[in-house]
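S.K.: What follows is a predicted structure for the sequence shown.
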Amino acid sequence: MANFAKAKELFRDVVDLNNYIPLSSSEKTKNDLLFAINQKEKIILLTGEAGSGKSLLLRSVYESLKEQKEVFFVANPYLEINSVLDLLKSLDLKSHHVLLLDEAQLLEGETWENLRIYADRGNVTIVFATHDTDIKKLLEKKHFSTRINYIIPVKPITQSEMENFIYSKLLKHNLNDIADMFNKKNFKKIYKYTKGSLRATNQLMFKLFDVMDYFYKKYPFKFKEPKIEDKYIEIAIMDLKAK
């Protein structure tokens, strides 16, 4: 009996390290970021489109570093900026610290400048995760752009990586029967809609398994052949577009 309800939950659009899939491109980006941090660079920008996986990548970096360094992760610095600034004031100048700031595009210009001043002290590496569109505005500020040591892009995943992402999630949770239902044609249609966005992939797969769970429970006799029909993908896409 296919457990589409369980499969659906694996693709819920939340930042959960238990669902982190080490794709080749994301692992390279992660290693580039860790290298820059270990070089004790002052300011690093992690850039990418909304839904590209920056938040999950930062979480993974945090988990990799927390046993080696004093590292801090802030999911929404806009709401916690006063606490962040107080933290930076208290850091030991003789030790190296790491501050990972997600959703940095929400910060105001004055806040970016204050954080830049703390980074200039040399005892902290600040990683700003921000949208591609906000980088241009930041680089226009001469006093800031000259102090950015690394700009590390998070690129859209390839169709092959998307297939690996979906398969890995399903197989990791022993849903081999559902994984075996997909074919290349299905993946091509899914990728055409998601365009390499991890968030869009999660959202579409979540909706797809929701649709399939409904039809499976209502018309079980139509699921004699173990395959994903295009019509279910199309229904899921139409439902997402209607929102």
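M.R.: Great, that's in hand.
S.K.: Give me the nearest residue to residue 197, chain neighbours excluded.
M.R.: Excluding the flanking residues, the one nearest residue 197 by C-beta to C-beta, 6 or more residues apart in numbering is residue 51, at 4.4 Å. (C-beta placed from N, C-alpha, C; glycine too.)
S.K.: okay, now the domains of the protein?
M.R.: 4-16+157-242, 24-153 (automatic domain parsing).
S.K.: count of residues packed around residue 222?
M.R.: By other C-beta atoms under 10 Å, the residues close to residue 222 number 10.
S.K.: ok, now which ones touch it?
M.R.: Residue 222 is in contact with residue 215, counting by C-beta atoms under 8 Å, 6 or more residues apart in numbering.
S.K.: Can you name every helix or strand that the longest strand seen in the chain contacts?
M.R.: Assignment by DSSP state E gives strand 124-131 as the longest strand of the chain. With contacts taken as 3 or more C-beta pairs under 8 Å, 6 or more residues apart in numbering; DSSP states H and E, strand 124-131 sits against helix 24-38, strand 43-48, helix 54-65, strand 97-101, helix 109-119.
S.K.: repeat that for 7 Å
M.R.: strand 43-48, helix 54-65, strand 97-101, helix 109-119 (3 or more C-beta pairs under 7 Å, 6 or more residues apart in numbering; DSSP states H and E).
S.K.: What residues sit buried inside the last one?
M.R.: Neighbour-count burial for helix 109-119, with 16 or more other C-beta atoms under 10 Å as criterion, is recorded at 111-112, 114-116, 118-119.
S.K.: what do you get for stretch 208-223?
M.R.: In stretch 208-223, counting by 16+ other C-beta under 10 Å, buried: 208-213, 215-216, 223.
S.K.: Stretch 170-185 now?
M.R.: Buried residues in stretch 170-185 (16+ other C-beta under 10 Å): 170, 173, 175, 178-179, 181-182.
S.K.: now swap in stretch 64-84 and tell me
M.R.: Neighbour count says stretch 64-84 has 64-65, 71-74, 77, 81, 84 buried, by 16+ other C-beta under 10 Å.
S.K.: first to last residue in it, what's the distance?
M.R.: One end of stretch 64-84 sits 21 Å from the other (C-alpha to C-alpha, to the nearest Å).
S.K.: and residue 126, how many neighbours does it have?
M.R.: 22.
S.K.: same check, this time on the one 5 residues further on
M.R.: For residue 131, the tally of surrounding residues (other C-beta under 10 Å) stands at 16.
S.K.: if we can go back for a sec, how about the helices and strands packed on strand 124-131, which one is nearest residue 24?
M.R.: Closest approach to residue 24 among those is made by helix 54-65 (13.4 Å; C-beta to C-beta).
S.K.: For stretch 80-93, give the mean pLDDT please.
M.R.: Averaging pLDDT along stretch 80-93 yields 92.
S.K.: Tell me the helix or strand right after the helix or strand bottoming out on mean pLDDT in the chain.
M.R.: Of all helical and strand segments in the chain, the minimum by mean pLDDT, DSSP states H and E falls on helix 142-145, at a mean of 56. Once helix 142-145 ends, the next helix or strand along the chain (criterion: DSSP states H and E) is strand 150-153.
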